[in-house]
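**Student:** below are the sequence and a predicted model; questions follow.
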Amino acid sequence: MKVNHVRQNVFPIVAALIWGTSFVAQSVSADYVEAFTFNTARSLVAFLFLAVLCVIFRKLRKTNNGAVKEAIAGSRRDLVLGGICCGVALTVASNLQQKGLETTTSGKAGFITALYIVIVPIAGLFLKKKAPRAIWISVILAVFGLYCLCITEDLSITIGDFYVLLCSFCYAVHILTIDHFTQKVDGVHLSCMQFLVCAILSSVGMFVAENPSWGAIFTCIGPILYVGIFSSGVAYTLQILAQKDSNPTIVSLLLSLESVFATLSGALILGDKMSGKEYFGCVLMLLAVILAQLPEKEKKK
């Protein structure tokens, strides 16, 4: 039970920490390469990194038992289907977000993207995945917290905001798709497959809509490797492992701490000053996460 508790709660927080501290690497890369090129490179790095991990894990795993071999073979179809579904959702989400950032601010993009914490439980109602009352209160607190953290300018609507809103729906689909397939296949294999799909689809957009340059890619190879290995390979795999046998709404709340870590890292690493409103937003986010972790009281008969 303790191992599962760590996996379901610590893994998404670590993933959010990695995502929150990787904005610098992403912004540096954006100065040299376009969206599809960047996502192709990071996805390819993540795929190669996870493919090596899969080979290592396979050698370490004892496969002398025929039942184990049969179970692995039986999940191959689900693995391919899950990888395609997760990969498509992730590709569309990441490229819509990058497109939206061309005409909107990073703060607004962060807030709108994190609205998947509202979309996930609402969509879950249609999938017969009910959330307790405390979770809904946590979601509301988190939305207010994200607003205080991310929105620092006048609230106006641009075409970029619309792109990012669509991205938020795609991330919600991604979370719910993982929730479905993670019960059937190995998490590391699923993550590896989704990034292979991501790399293929993004490369199509790269060759059709952009002019990729090897020189530009090698110029920011450091940030691309960091984002590819840690932000994509490690963090998204931790998300998949965390969602096994857990409530997708709670995981989405923990993942939304990305905004808190991004703001705090900006203050600690880059010397950005935090306002009282941002500190208040951090407090609301932490309260939302704590409330979501409280055990639900059993109803009296």
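**Tutor:** Structure's in. What do you need?
**Student:** those helices in the stretch 51-200 of the chain, which residues are they?
**Tutor:** 66-74, 76-100, 106-113, 116-126, 133-150, 159-181, 187-209 (DSSP state H, counting those that start in this stretch).
**Student:** next one: the stretch 201-301 of the chain
**Tutor:** Under the criterion DSSP H, counting those that start in this stretch, the stretch 201-301 of the chain contains helices at 214-219, 221-226, 235-242, 248-255, 258-269, 276-293.
**Student:** between these, which gets nearest to Tyr163?
**Tutor:** Closest to Tyr163 of these is helix 258-269 (CB to CB; 18.5 Å). All C-beta spots, glycine's among them, are computed from the backbone N, C-alpha and C.
**Student:** residue contacts, the most centrally placed residue in the chain?
**Tutor:** Centroid-nearest residue in the chain: Tyr236, 5.8 Å away (criterion: CA atoms, centre = their mean). Tyr236 makes contacts with Ala15, Ala46, Leu90, Ser191, Gln194, Phe195, as judged by CB atoms under 8 Å, 6 or more residues apart in numbering.
**Student:** picking that back up, tabulate the helices of the stretch 51-200 of the chain (JSON lines), appending mean neighbour count and mean pLDDT.
**Tutor:** Shown next, in JSON lines, are those (neighbours: other CB atoms under 10 Å; pLDDT from 0 to 100):
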{"stretch": "helix 66-74", "mean neighbour count": "11", "mean pLDDT": "46"}
{"stretch": "helix 76-100", "mean neighbour count": "20", "mean pLDDT": "89"}
{"stretch": "helix 106-113", "mean neighbour count": "21", "mean pLDDT": "68"}
{"stretch": "helix 116-126", "mean neighbour count": "19", "mean pLDDT": "78"}
{"stretch": "helix 133-150", "mean neighbour count": "20", "mean pLDDT": "76"}
{"stretch": "helix 159-181", "mean neighbour count": "21", "mean pLDDT": "87"}
{"stretch": "helix 187-209", "mean neighbour count": "21", "mean pLDDT": "92"}
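**Student:** distance to Thr40 added to those, as a markdown table?
**Tutor:** Shown next, in a markdown table, are the helices of the stretch 51-200 of the chain (distance: least, CB to CB, whole Å):
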| stretch | distance to Thr40 |
| --- | --- |
| helix 66-74 | 29 |
| helix 76-100 | 10 |
| helix 106-113 | 21 |
| helix 116-126 | 24 |
| helix 133-150 | 28 |
| helix 159-181 | 18 |
| helix 187-209 | 4 |
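**Student:** and the ones you listed: which comes nearest Val283?
**Tutor:** Using CB to CB, the nearest of the helices of the stretch 51-200 of the chain to Val283 is helix 133-150, at 7.5 Å.
**Student:** helices or strands next to that closest one in the packing?
**Tutor:** Contacts defined by 3 or more CB pairs under 8 Å, 6 or more residues apart in numbering; DSSP states H and E place helix 133-150 against helix 106-113, helix 116-126, helix 248-255, helix 258-269, helix 276-293.
**Student:** tell me which of the ones you listed sits nearest to Phe230.
**Tutor:** Using CB to CB, the helices and strands packed on helix 133-150 put helix 258-269 closest to Phe230, at 13.1 Å.
**Student:** and the angle for that closest one with helix 235-242?
**Tutor:** Helix 258-269 and helix 235-242 are oriented at 140 degrees to each other (axes from the mean of the first three to the mean of the last three CA atoms, to 10 degrees).
**Student:** buried ones in helix 258-269, by neighbour count?
**Tutor:** Within helix 258-269, the residues that count as buried by 16 or more other CB atoms under 10 Å are Glu258, Ser259, Val260, Phe261, Ala262, Thr263, Leu264, Ser265, Gly266.
**Student:** roughly how far does the fifth one sit from Lys99?
**Tutor:** This points to Ala262. Noted for Ala262: a distance of 20 Å to Lys99, by CB to CB, to the nearest Å.
**Student:** just to revisit the earlier point, mind checking which of the helices and strands packed on helix 133-150 is nearest Ile229?
**Tutor:** helix 258-269 (17.6 Å).
**Student:** and which of the contacts of Tyr236 is nearest to Val143?
**Tutor:** Distance to Val143, by CB to CB, is smallest for Ala15 among the contacts of Tyr236, at 20.2 Å.
**Student:** hang on, that closest one packs against Ile240?
**Tutor:** No. Using CB atoms under 8 Å, Ala15 makes no contact with Ile240, being 9.6 Å away.
**Student:** rewinding a little: quick one: closest of the helices of the stretch 51-200 of the chain to Thr249.
**Tutor:** Nearest to Thr249 among the helices of the stretch 51-200 of the chain is helix 116-126 (4.4 Å), distances taken as CB to CB.
**Student:** and the closest one with helix 276-293, angle?
**Tutor:** Orientation check (the same axes, to 10 degrees): helix 116-126 against helix 276-293 gives 30 degrees.
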